[in-house]
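*Asks:* 3D model of this:
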Amino acid sequence: MNKKPTLILLPNRKELNAVLSDDIAKVLNTSLTRSGAASLAVSGGSTPEEMLTLLGKKPLDWAKVQTLLVDDRWLPAEHPDSNQALLNKTLFTGPASQSRYLPLKNTAADVDDGQYACEEALAELDWPLSLVHLGMGNDGHTASWFHDAKEYEILMAAHEQHCIAVHPGAAPYSRISLTPAAVFNSEKIVIQVFGKAKRDVLERALAKDADFPISLVLHQQQVPVEIYWAP
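*Replies:* Numbering: from 1, shown residues only. Coordinates of the predicted model:
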């Protein structure tokens, strides 16, 4: 596969949320029909809130869908900055609450200890994932792959590792994140972005020698990538 990501332009955010939630539901339904199971990893942040709420209402056989986060802050699930808290008020308010959810955050005292239990849990999943949903920050990071984190240089070397503890420099909180190896062990990747500033970053990240974290996704040739963008 030697192709660039597909760019899907929508006129506004409301339409993008509707189209993307429909498209993700179709991928999951195809997987359910084909193999009787499906899996979905989603990202947090403010961008996907409405889309996740719409997706959670889709009439799928959610009990046969494995859901998880791409990354999360090492915080209690009820903390307002936790990505799990976001899922609880969006995706899991509808039928998707019946899905089999695997939290990345566990009861370990810190993220470095928690990484081991998280790795064991992720290793038990059926891979590849049906779909991975990503976002992107204005700095070009995706998941919790931060250039200023000490772990950034070893991300690409973690070929057999599903998750990694991350300690960002500027961003708040320690994180637990899927590795590139885990994200690319999927059947499809979608990236959801809003606004001109992020589109400009994406275009720069697509350049041949670009070194943004999102460039790892845009330049890999293992999994097809679709970018959904609206102003």
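
*Asks:* any weak-confidence spans in the protein?
*Replies:* Low-confidence regions of the chain, defined by pLDDT under 70, span residues 1-2.

*Asks:* need the helices for it, in chain order.
*Replies:* Taking DSSP state H, the helices of the chain run over residues 13-35, 49-56, 83-89, 111-123, 180-183, 196-205, 213-219.

*Asks:* wait, which of these is closest to Lys4?
*Replies:* Of all the helices of the chain, it is helix 213-219 that lies closest to Lys4, at 7.6 Å by Cβ to Cβ. From N, CA and C alone the C-beta is placed, and that goes for glycine too.

*Asks:* export the helices of the chain to CSV and tack on mean neighbour count and distance to His167?
*Replies:* Output for the helices of the chain, formatted as CSV (neighbours: other Cβ atoms under 10 Å; distance: least, Cβ to Cβ, whole Å):
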stretch, mean neighbour count, distance to His167
helix 13-35, 17, 31
helix 49-56, 21, 26
helix 83-89, 19, 17
helix 111-123, 17, 8
helix 180-183, 23, 18
helix 196-205, 15, 23
helix 213-219, 21, 15
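
*Asks:* For Leu131, find the nearest of the ones you listed.
*Replies:* Per Cβ to Cβ, nearest to Leu131 of the helices of the chain: helix 13-35, 4.9 Å.

*Asks:* could you dump stretch 117-131 to CSV, C-alpha only?
*Replies:* Coordinates of each C-alpha in stretch 117-131 appear next as CSV, following Å, rounded to 0.1, in the frame of the first residue of the first chain:
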residue,chain,number,x,y,z
ALA,A,117,-1.1,-4.4,34.2
CYS,A,118,-2.4,-2.4,31.2
GLU,A,119,-0.1,-4.2,28.9
GLU,A,120,-1.3,-7.6,30.1
ALA,A,121,-5.0,-6.6,29.6
LEU,A,122,-4.4,-5.2,26.1
ALA,A,123,-2.5,-8.4,25.1
GLU,A,124,-5.7,-10.4,25.8
LEU,A,125,-7.7,-8.5,23.2
ASP,A,126,-8.4,-9.8,19.7
TRP,A,127,-6.1,-7.9,17.3
PRO,A,128,-6.2,-6.2,14.9
LEU,A,129,-8.7,-3.5,16.1
SER,A,130,-11.5,-2.8,13.7
LEU,A,131,-11.0,1.0,13.8
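
*Asks:* Need the contact partners of it.
*Replies:* Applying Cβ atoms under 8 Å, 6 or more residues apart in numbering, the external contacts of stretch 117-131 come out as 24, 27-28, 31, 37-41, 66, 68, 102, 104, 106, 108, 161-163, 176, 178, 182, 185-190.

*Asks:* one more time with 7 Å, if that's ok
*Replies:* 24, 27-28, 31, 37-41, 66, 102, 104, 106, 108, 161-163, 176, 185-188, 190 (Cβ atoms under 7 Å, 6 or more residues apart in numbering).

*Asks:* Strands - which of the residues you listed land there?
*Replies:* 38-41, 66, 102, 163, 176, 190 (DSSP state E).

*Asks:* which two in the residues you listed are spaced the farthest apart?
*Replies:* Ala38 and Ile176 (23.0 Å).

*Asks:* one step back: pull out the buried members of the contacts of stretch 117-131.
*Replies:* Buried subset of those (neighbour count, 16 or more other Cβ atoms under 10 Å): 24, 27-28, 31, 38-41, 66, 102, 104, 106, 108, 161-163, 176, 185-188, 190.

*Asks:* With adjacent residues omitted, what lies nearest to Asp23?
*Replies:* Using Cβ to Cβ, 6 or more residues apart in numbering and skipping the chain neighbours, the partner closest in space to Asp23 is Val190 (7.3 Å).
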